[in-house]
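**Q** I'd like to go over a predicted model; first the sequence, then the structure.
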There are 2 protein chains.
Amino acid sequence: MLPVLVVHGGAGFIPKKRVQPACAGVRAAVRGGYSKLQGQGSAMDAVVEAVTLLENDHHYNAGLGSVLNVKGEVEMDAIVMDGRYLASGAVSAVRKVANPVQLARLVMDKTSHLCLTGEGANQFARAMGVPEVPEESLITEYARMRWKKNLAADANPVECQMGKMGTVGAVAVDAEGNIACATSTGGMLNKMEGRVGDTACIGCGCYADNRVGAVSPTGEGEAIMKVTLARLILFHMEQGRSAEAAADEALAYMKERVGGLGGVVVVDPQGEWSVRFSSLQMAWAAAQQQTLHYGLYTGEHFTQNIDDPY
Amino acid sequence: MLPVLVVHGGAGFIPKKRVQPACAGVRAAVRGGYSKLQGQGSAMDAVVEAVTLLENDHHYNAGLGSVLNVKGEVEMDAIVMDGRYLASGAVSAVRKVANPVQLARLVMDKTSHLCLTGEGANQFARAMGVPEVPEESLITEYARMRWKKNLAADANPVECQMGKMGTVGAVAVDAEGNIACATSTGGMLNKMEGRVGDTACIGCGCYADNRVGAVSPTGEGEAIMKVTLARLILFHMEQGRSAEAAADEALAYMKERVGGLGGVVVVDPQGEWSVRFSSLQMAWAAAQQQTLHYGLYTGEHFTQNIDDPY
């Protein structure tokens, strides 16, 4: 059943004209990441590759296409976790980098810390030779339109946020049985400057443990944080639940206890995987044994040979 | 058994001449917080009061007396959590505020977010009328001496960090059975600019749930994050373990799995409490039923009437 890679493009409601590119993007991302797994790549290489492709795709709220904060600026959070050693790296409120997920991996690989924030993260990026990109190069017309719309006095950014595309993420198990996850986001629409959401927070926006599995969540960030969603699902799996049952239990708990909606991709060490969400839609794709799986609505599950075109 | 308040002044090794003030400070903090619980104060009021007193005491690595980052600057993390609604507020890498724990509480009470970082946190502080203090006013001669010592090429800040005072924190249950926790820190000695540790991260540096209990950890921040220590202990308690057994199990796991040392204060909804640490020392104090409990070394447990002077 190994290797396996599962990616998501965010939980929420996707406007009709963005459905096709949202679905195409996650399929392309899972193909890109899976090709790493078929070569010499590790689970970590695969999740970083998949999330990088989604950050570069302007249809997702991560990297290019990130939502804007209340000032109209881009501040991004990203995280990676390596299930072998529980190693992790994250950046929060980082600006002017094209691929925050790659910077998060550098935090893990090149520092003794787990998270760098704001200007400190940018200083580290410069020290590592990561190019600084103009803020404008990360902003799409669509993001600017939504930002302006949400500045209106009667706007409800939280509601609007759930109604659009979200965070991106990936989980993988490689042929050696090593497990990794990665998550990246532009955060919450019209958020306050400096707001850090679940994505930068280990146990909330990402968790991977070779002994148990990995989770990458998406959805209402503050709700995900309150229940430490990623770690919660893995605790349920440690108690013997399947990835699917653990995800369902935790998502139901999040809805009941703090009123939050979201979605997750989950893998276990044997390569069993699950995609579950309490939101209306979540674009997702998975690759395992030369088969590409994908879907958008609850219960939707299409398959094709991974080498077949669209 | 209610109300109860337990505070800590950091896990590690305390130099001999700092032992007396370190022990005096936690006793004063627990008295201050407990007086809130005896009046109309909630568990949240009590933990914020206790941590504020410790931030104001220059013998602890939080607020005044914080360790310095590699550039010789003060960047602080703090968090609070309210076990009734799983509400939480945090600030990370915040500068020039005397009491980060109070700012964290404002994030919880006055925003829809859970965490604000860096300059965004300071903007929020200004908007809330929190006075900006000169950075110099937070820096002690002792902190500057340690910073300089650790700039030496052969210095080992991680080792040195564990050998000194750490993070401060508190957990409480009030007469109504509401549970809260708070943690505050200057972080890790000679850390990189923008480093965020466990304290700002929900589930790692703090967790409170009226149904289960609360935990405030201290110690090696990156290790605490890797195992999401606060949430891990509460998961063990959800499985039926006592506060003490849960803390011991999680601290042993942290040591075995990621090689990290630390300590915790823990309460459960019935007011049972526990203080456990794998470090050599941890200054702690607790107040319950008019009795003041305190200690420093493993197994040390002194008691006195709370109204008795020293």
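**A** Looks like it arrived, so ask away.
**Q** from the structure, what's the count of residues near A:K148?
**A** Neighbour count for A:K148, taken as other CB atoms under 10 Å in any protein chain shown: 13. Where C-beta positions appear, they are placed from N, C-alpha and C, glycine not excepted.
**Q** how about the strand or helix carrying it, does it get close to chain B?
**A** Here A:K148 sits within helix A:141-151, counting by DSSP states H and E. No. Using CB under 8 Å from any CB of the partner chain, helix A:141-151 never reaches chain B; the gap is at least 13.0 Å.
**Q** in that helix, what's buried?
**A** Using 16 or more other CB atoms under 10 Å in any protein chain shown as the test for burial, helix A:141-151 gives A:142-143, A:146-147, A:150.
**Q** tell me which other helices or strands that helix touches.
**A** Judged by 3 or more CB pairs under 8 Å, 6 or more residues apart in numbering or on different chains; DSSP states H and E, the packing partners of helix A:141-151 are helix A:157-162.
**Q** contacting residues for the residue positioned nearest the centre of chain A?
**A** Closest to where the C-alpha atoms of chain A average out (CA atoms, centre = their mean) is A:G169, at 2.3 Å. Counting by CB atoms under 8 Å, 6 or more residues apart in numbering or on different chains, A:G169 makes contact with A:7-8, A:51, A:181-184, A:205-206, A:216-218, A:265.
**Q** looking at the buried residues of helix A:141-151, which is nearest B:E222?
**A** The shortest gap between B:E222 and any of those belongs to A:A143, at 33.8 Å (CB to CB).
**Q** can I assume A:V7 is in contact with A:V265?
**A** Yes. Using CB atoms under 8 Å, A:V7 is in contact with A:V265, at 6.8 Å.
**Q** pLDDT weak spots in chain A?
**A** Where chain A drops to pLDDT under 70, the residues are A:156-165, A:310.
**Q** before we move on, the earlier item: just the closest of the buried residues of helix A:141-151 to chain B, please.
**A** Nearest to chain B among these is A:N150, at 13.0 Å by CB to the nearest CB.
**Q** what distance do you get for that closest one to A:S184?
**A** Separation of A:N150 from A:S184 (CB to CB, to the nearest Å) stands at 22 Å.
**Q** now swap in A:Y60 and tell me
**A** With CB to CB as the criterion, A:Y60 and A:S184 are 9 Å apart.
**Q** residue ranges of the helices in the stretch 1-150 of chain A, please?
**A** Under the criterion DSSP state H, counting those that start in this stretch, the stretch 1-150 of chain A contains helices at A:16-38, A:43-56, A:100-110, A:118-127, A:141-151.
**Q** what helices or strands is the fourth one leaning on?
**A** Contacts defined by 3+ CB pairs under 8 Å, 6+ apart place helix A:118-127 against strand A:87-94, helix A:100-110, helix B:118-127.
**Q** quick one: which of A:Y60 and A:S184 has more around it?
**A** Neighbour tally, A:Y60 and A:S184, criterion other CB under 10 Å: the higher count belongs to A:S184, 35 against 31.
**Q** and that one, helix, strand or coil?
**A** strand (DSSP: H, G, I helix; E, B strand; the rest coil).
**Q** partner residues bridging it?
**A** A:A78, A:V168 (DSSP bridges).
**Q** if I pick it, what's in contact with it?
**A** Counting by CB under 8 Å, 6+ apart, A:S184 has contacts A:51, A:54-55, A:62-63, A:76-79, A:100-101, A:104, A:167-169, A:199.
**Q** tell me the one among those nearest to chain B.
**A** Within these, the smallest distance to chain B is 9.6 Å, found for A:D77 (CB to the nearest CB).
**Q** just give me the neighbour total for the closest one.
**A** A:D77 has 33 neighbours, counted by other CB under 10 Å.
**Q** cool, and A:A252?
**A** The number of residues packed near A:A252 is 12, by other CB under 10 Å.
**Q** and if you look at A:G72?
**A** A:G72: 14 neighbours (other CB under 10 Å).
**Q** right, and it touches A:R144 too?
**A** Yes. Contact criterion CB under 8 Å: A:G72 and A:R144 qualify, at 7.3 Å.
**Q** for A:V7 and A:V265, indicate the residue with more neighbours.
**A** When A:V7 and A:V265 are compared on other CB under 10 Å, the one with more neighbours turns out to be A:V7, at 35 against 30.
**Q** how about the more buried one, what does it touch?
**A** Contact analysis of A:V7 by CB under 8 Å, 6+ apart lists A:26, A:29-30, A:33, A:50-51, A:54, A:168-170, A:265, A:284-286.
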